[in-house]
Structure formats: C-alpha cells, structure tokens
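**Student:** need coordinates for the below:
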Amino acid sequence: MNIFRLMTVLTLALPALARAAEEPARRPEAPPLLSHDELQRRLNDPHLRLLDARSRADYEKGHIPGALWVDVQELQALTRPETLSDKDTWARALAPLAIDETSEVYVYDDDRQHNAGRVWWQLSYAGVPRVGLIDGGFPLWVRERRPVNSETVQVEPRTFAVSFHAKRAASRDEVRSAIQDNKVQIVDARSAAEYRGEKKPQNGGHAGHIPTARLLDLYDLVDADGRFVSADAQREQLAKAGIAPDRQIIVYSHGGNRSAGVIFALRRLGIPARHYIGGLSDWASDPSAPVVEGAEAGRRAE
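**Tutor:** Modelled structure (predicted):
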C-alpha cells in the first residue's frame, strides 16, 4: 500500500475509531431468564444453584425443591461504601451459597423481582459468570401447581474467587457529574408518585428525584406475577421515558432493589447500564445533593 492510499484509509477510519472510543460498550451479554417450565425440567440438574430471595419464614413454609435460602439483608450490607470493593468480605458472604465457576445460578422471589434483581446484580458484580433470574415469582409457581417442599437445603460452603466488575457500579460523584453531562442519562426505577415527590420515603429523606433523571418504573417492565413483559413492550417504555439506548445510562432507585431489576431488563435488550446502588437513600444523605420534584422529565435543579 503506497503512502497516499494509507493516508486516505486512515483519514476515513479515524473518525469512526474516535466515535467508538467515546461511546459505551454495546451489546453486553444478555443475562439468562429461565421460565417456570424450563426450571421444572432442570430441578435435578447438579449445576443448577437456585436461590430463594424471600423471607426466611416464607422459605421455611415452602419453596421450590432444591432452592437455597439467601439472606438478602446480609448481601445488601456488602454494598456499603466501605465494603463495596472488599473481596475478602464478599467471599465470606458468598461462601454459604456454595457457588463455584461451574454453577448456573438463578434467583427468584415473591415481589416482582424486587429482591431477586438485587441478588442477581450483586452476584454479577462479584464476577459470578452465569447468573440470571426466574421469570415469575413463587406465588405463580404455587398457582401453577408445581412441586414445592419445606426441606431446608444443606450445602457445603465453597469459597468463590470474587472478581469485581467495578465499571457496573456508579458512585455519587459520578452521578453528580452525569447531571452536567449530556452524554450520560440518569434513570429512576421507582414509581411515578415517588419520582414526582408525592410519596415520601418510609424511612425519611427527601422526596422527588435526582435532577435530569428519566422515569422508568420497574413495575412497567415486570407484570404482577413477576414475569418480564415482552422486549417490544420494554422498548416502548424506554421510548415513552425518553431514554436513548445508544447513550450511557446510570440507574438508581431508593436503595438499589428496583434499579437492579431495570438494569437486568436493559441488559436483556443489549443496553449496558451502571448501577448507583446507594440510590436516593445515599444521595439524600448529602445535604448538598440536589433533589427536584414534579413530573417534568430531565429537569435540572434550579
């Protein structure tokens, strides 16, 4: 190739390479979503690690055969700023789940992916290679007359080699920067009443939403039985919210549960998103952090 042809090729290629460097990674690997039919067929699969993210009392009354109870509150404590990147603490907390590199982990709950989504995100963040959700909650499983038992599952703890996907999380400072950066979209996964400031947090704190945030309620993506609506219906919700799938996204809720479910749905659509897992609870703990009320999406603080 002569020098003039080489210069021409570079001239044409450099703008595309520059755009690629600026844009977020596309088409993340879609996390698995297992139907009740598929789950029932695989209940005896030795590689399946099924996690029940309901209360301990509900688990003991009855659960899907082979399901191991997961302490959602204990896992939630791992996302405090002082432990979010502490591999040893995470490894100790995950050991009772008996997960290793060959495990296929699936999580279910009874509250429209509220807890299950949170557990999914934390295991994914910790580097569990195959982790997904069950498409439908435990009440639906019971109504479908599928097998249930009350035997407590006993497993030998295993040490999982934690390897954080740090870029899947977003800090409060990064959210502050995103408010001023038109390249980054902030998405609120709570209800419209919470977003507008009409419904205040039960444990106190500011009502309203983070400036510039767009509303994408998790429960518009998940039906009453805990099943995700169709991909087309999800895309319609994104368009309705004014969320551009080709721009960077940070998702939050109040404390990180509903936002995890939204991130799962986005990744199923091939859209990467980071998680401000501390959510509005963490945001409101800083007196200087602005919060706005009202239904006008994308509005900045005055």
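
**Student:** please make it C-alpha for all contacts and neighbour counts, starting now.
**Tutor:** Fine.

**Student:** now do the helices in this protein.
**Tutor:** Remark: helices assigned in the chain by DSSP state H are 3-22, 36-41, 56-61, 72-77, 87-94, 114-125, 138-143, 172-179, 192-196, 231-241, 257-268, 279-284.

**Student:** how about those, which one is nearest Ile250?
**Tutor:** Among the helices of the chain, helix 172-179 comes nearest to Ile250, with 7.5 Å by Cα to Cα.

**Student:** so which of the helices of the chain is nearest Val155?
**Tutor:** helix 87-94 (12.5 Å).

**Student:** buried residues in the closest one?
**Tutor:** 87, 90-91, 93-94 (16 or more other Cα atoms under 10 Å).

**Student:** coming back round to it: mind putting the helices of the chain into CSV with distance to Val131?
**Tutor:** Formatted as CSV, the helices of the chain follow (distance: least, Cα to Cα, whole Å):
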stretch, distance to Val131
helix 3-22, 29
helix 36-41, 14
helix 56-61, 21
helix 72-77, 15
helix 87-94, 13
helix 114-125, 6
helix 138-143, 18
helix 172-179, 27
helix 192-196, 30
helix 231-241, 20
helix 257-268, 11
helix 279-284, 23
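
**Student:** which of these sits closest to Pro211?
**Tutor:** Closest among the helices of the chain, using Cα to Cα: helix 172-179, at 6.5 Å.

**Student:** okay, buried residues for the closest one please.
**Tutor:** 172, 175, 178-179.

**Student:** for it, packing partners?
**Tutor:** Judged by 3 or more Cα pairs under 8 Å, 6 or more residues apart in numbering; DSSP states H and E, helix 172-179 is in contact with strand 184-188.

**Student:** shaky segments in the stretch 151-300 of the chain?
**Tutor:** 202-205, 298-300 (pLDDT under 70).

**Student:** so what's the closest residue to Asp52 other than its chain neighbours up against?
**Tutor:** Of all residues not flanking Asp52 in the chain, Trp69 sits nearest, at 4.8 Å (Cα to Cα, 6 or more residues apart in numbering). Counting by Cα atoms under 8 Å, 6 or more residues apart in numbering, Trp69 makes contact with 51-54, 56, 59.

**Student:** tell me who's in contact with Ser124.
**Tutor:** Per Cα under 8 Å, 6+ apart, neighbours of Ser124: 130-131, 165.

**Student:** now that we have those residues, which of them are buried?
**Tutor:** Of these, these count as buried by 16+ other Cα under 10 Å: 130-131.
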